[in-house]
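Novice: Structure for the following, please:
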Amino acid sequence: MWRVSSKNRSSYYDEPRGSQEERSRKPLVLSLHSNALISSPTCLLCSKTTALARVFLFLRERGFQVITCPEAWGILSTNGLSLDFFGTEGMGPVIQGAVMDTMVHLEDTVEHVLQARGKPSVILCDRGLMDGSVYVSKPEFAAILKDRYTDVVQARDNRYDAVFHLVTAADGAEMHYTLENNKVRTESPAEAIAVDKRTQKAWVGHPHLYVLDNTTHFEGKMSRLIDIVSKIVGLPSNLKRRSAKFLLVGQPVLASFPEDINYHLFEVEKVYLRSAGDAESYSFARRRTNIDHDTGKLLGSVYQLTSARLMGDELIEQKRIITLREYSSAYQTRDLDRHVVRQRRVSFLYELQSFTVHIYERPVTDLCILHAQVQASEAGEEPEVDLPPFLNVDRRLTNTKSDEDKYGAYSLSLIREE
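Specialist: Down below sits the predicted model:
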């Protein structure tokens, strides 16, 4: 799984320290994750390690400063922490807490070094904090986070800018599944698939979750990965579209969702900012607040700044996590010719695809759009989408001016004279 984060981690999730200029130099953090290893006919020892190496070289060759954070469990287990330790009652949460502490320290240290360099930089992380939730109970994981003065919202949404999950080879590419190239992995194919699915669910709700399945050969999987990374860091990409959009007939009925669909609810506020007069670029700040779907209580919020610009016929977006203070400052510079856009969102995984339903509350109230986060590998090729049967889909939205004017948030935000 890959995770990207520009959040300062000085003390887990405190407000970043330093000046505005120092914070603007924060490195982008990418984390790549797969629960099992891949061996391809053309490369005998291919795994997420191969993917990390590919991305590392790709970014280095394009001028980025890049450092990789290794897997914390691998460090501990290859230096004496054995599975025998779990035989002692109560050791599960203790060990997962130690893994989390090691992970945070590694990420914080690397970020500090790269931030001091003051150059465009990327951190590649082998794992992310939410992975630990797969190996302990929900109450135990909540206690681990509470002991560290944080919670699931901060660990999942506010620490990493993007999450990339490489589906285990055991699920769809069984002939290439192997444990021979990793001493700390012991799962059978069935166990690997079970852990893989639990790990996917642990990250559902992250605003930028990418699941890369095994529908293509290994090189195709790597190409998809590189293309997505290019988009994230602001480089041109072969991917002309990152998502498909569908108009829904009314709001989704959450009670009709299958029991195995793990969904999350959010309240979103999107504020478009004043531009410098460049018609080919715009920016917006976003507040995304988690909603407890059992009680309706608002939980923690995550803030993000997005800058978009046209390069030829391609829209390049750059996103970074910001603080509440930065969001409040950006809000003061909002474009007064545009509405503040408010939505409720429902995020979930279905058939290894990440979906989010956007339910508009302002400036319109009768609009629901389904976003499917998928990729087309060739220019002009429409992404294939397995639509959830429990949603009432009207039609697919097209990348045309008429659909953008009627259904695009940027167009809808414009205040029009009566």
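Novice: right, and the helix or strand after the helix or strand bottoming out on mean pLDDT in the chain?
Specialist: Ranking every helix and strand in the chain by mean pLDDT, DSSP states H and E puts strand 37-38 at the bottom, with a mean of 27. Using DSSP states H and E, the helix or strand that directly follows strand 37-38 along the chain is helix 48-60.
Novice: Show me what the very next helix or strand once past that next one packs onto, helices and strands only.
Specialist: In the C-terminal direction, the helix or strand that comes right after helix 48-60 (DSSP H and E) is strand 65-69. Contacts defined by 3 or more Cβ pairs under 8 Å, 6 or more residues apart in numbering; DSSP states H and E place strand 65-69 against helix 48-60, helix 91-117, strand 121-125. For every residue, glycine as well, the C-beta is placed using N, CA and C.
Novice: Could I get the full set of helices for the chain?
Specialist: For the chain, helices defined by DSSP state H occupy the ranges 20-23, 48-60, 72-77, 91-117, 138-147, 152-153, 189-203, 218-233, 324-331, 401-407, 409-412.
Novice: Can you tell me how far Ser230 is from Asn262?
Specialist: Distance, Ser230 to Asn262, by Cβ to Cβ, to the nearest Å: 30 Å.
Novice: same check, this time on Phe348
Specialist: For Phe348, the distance to Asn262 - Cβ to Cβ - is 7 Å.
Novice: The two: which is more packed in?
Specialist: Phe348 (21 against 16; other Cβ atoms under 10 Å).
Novice: Please give me every residue in contact with the residue nearest to that one when sequence neighbours are not counted.
Specialist: In this structure, Phe348 finds its nearest non-sequential neighbour in Tyr263, 4.0 Å apart by Cβ to Cβ, 6 or more residues apart in numbering. Tyr263 makes contacts with Val204, Leu254, Phe257, His293, Val346, Ser347, Phe348, as judged by Cβ atoms under 8 Å, 6 or more residues apart in numbering.
Novice: What count of nearby residues applies to the second one?
Specialist: I take that to be Leu254. Leu254 has 13 nearby residues by other Cβ under 10 Å.
Novice: Pretty sure it sits against His293.
Specialist: Yes. Between Leu254 and His293 there is a contact under Cβ atoms under 8 Å: 7.2 Å.
Novice: What's the local residue count around the closest residue to Ala409 other than its chain neighbours?
Specialist: With Cβ to Cβ, 6+ apart as the criterion, Ala409 has its nearest non-adjacent residue at 5.4 Å, and that residue is Val341. Val341 has 22 neighbours, counted by other Cβ under 10 Å.
Novice: Give me the pLDDT for Val341.
Specialist: With respect to pLDDT, Val341 has a value of 96.
Novice: Does it touch Lys270 like I think?
Specialist: Yes. Between Val341 and Lys270 there is a contact at 4.2 Å, judged by Cβ under 8 Å.
Novice: list the residues that contact both of the two?
Specialist: Common neighbours of Val341 and Lys270 (Cβ under 8 Å, 6+ apart) are Ala409, Ser413.
Novice: what residue ranges in the stretch 51-200 of the chain score low on pLDDT?
Specialist: 169-189 (pLDDT under 70).
Novice: how about a cut-off of 50?
Specialist: 172-173, 176-177, 180-181, 183-184 (pLDDT under 50).
Novice: Output the strand ranked longest in the chain in CSV, but only the C-alpha positions, please.
Specialist: Looking across the chain with DSSP state E, the single longest strand is strand 298-311. The C-alpha trace of strand 298-311 is given here as CSV (Å, rounded to 0.1, in the frame of the first residue of the first chain):
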residue,chain,number,x,y,z
LEU,A,298,-19.0,14.8,14.1
LEU,A,299,-15.5,13.5,14.7
GLY,A,300,-12.1,15.0,13.7
SER,A,301,-11.4,17.1,10.6
VAL,A,302,-8.7,17.0,8.0
TYR,A,303,-7.7,20.0,5.9
GLN,A,304,-6.3,20.0,2.4
LEU,A,305,-5.2,22.6,-0.2
THR,A,306,-5.4,21.8,-3.9
SER,A,307,-3.9,23.8,-6.7
ALA,A,308,-4.9,22.9,-10.3
ARG,A,309,-3.5,24.2,-13.6
LEU,A,310,-3.9,23.3,-17.2
MET,A,311,-0.8,22.0,-19.1
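Novice: That one pairs with which strands?
Specialist: strand 281-291 (antiparallel), strand 314-322 (antiparallel) (DSSP bridges).
Novice: OK, contacts around the nearest residue to Gln65 once chain neighbours are set aside?
Specialist: Once flanking residues are discounted, Gln65 sits nearest to Ser121: 3.8 Å by Cβ to Cβ, 6+ apart. Shown in contact with Ser121 (Cβ under 8 Å, 6+ apart): Pro27, Leu28, Phe64, Gln65, Val66, Ile67, Leu114, Gln115.
Novice: Of all the helices of the chain, which one is nearest Val167?
Specialist: Comparing those by their distance to Val167 (Cβ to Cβ), the top pick is helix 189-203, with 6.2 Å.
Novice: quick one: buried residues of that closest one?
Specialist: Ala192, Ile193, Ala194, Val195, Asp196, Lys197, Thr199, Gln200, Lys201, Ala202, Trp203 (16 or more other Cβ atoms under 10 Å).
Novice: likewise stretch 208-224?
Specialist: Buried residues in stretch 208-224 (16+ other Cβ under 10 Å): His208, Leu209, Tyr210, Val211, Leu212, Asp213, Asn214, Phe218, Lys221, Met222, Ser223, Arg224.
Novice: How about stretch 62-73?
Specialist: Of the residues in stretch 62-73, those buried (16+ other Cβ under 10 Å) are Phe64, Gln65, Val66, Ile67, Thr68, Cys69, Pro70, Glu71, Ala72, Trp73.
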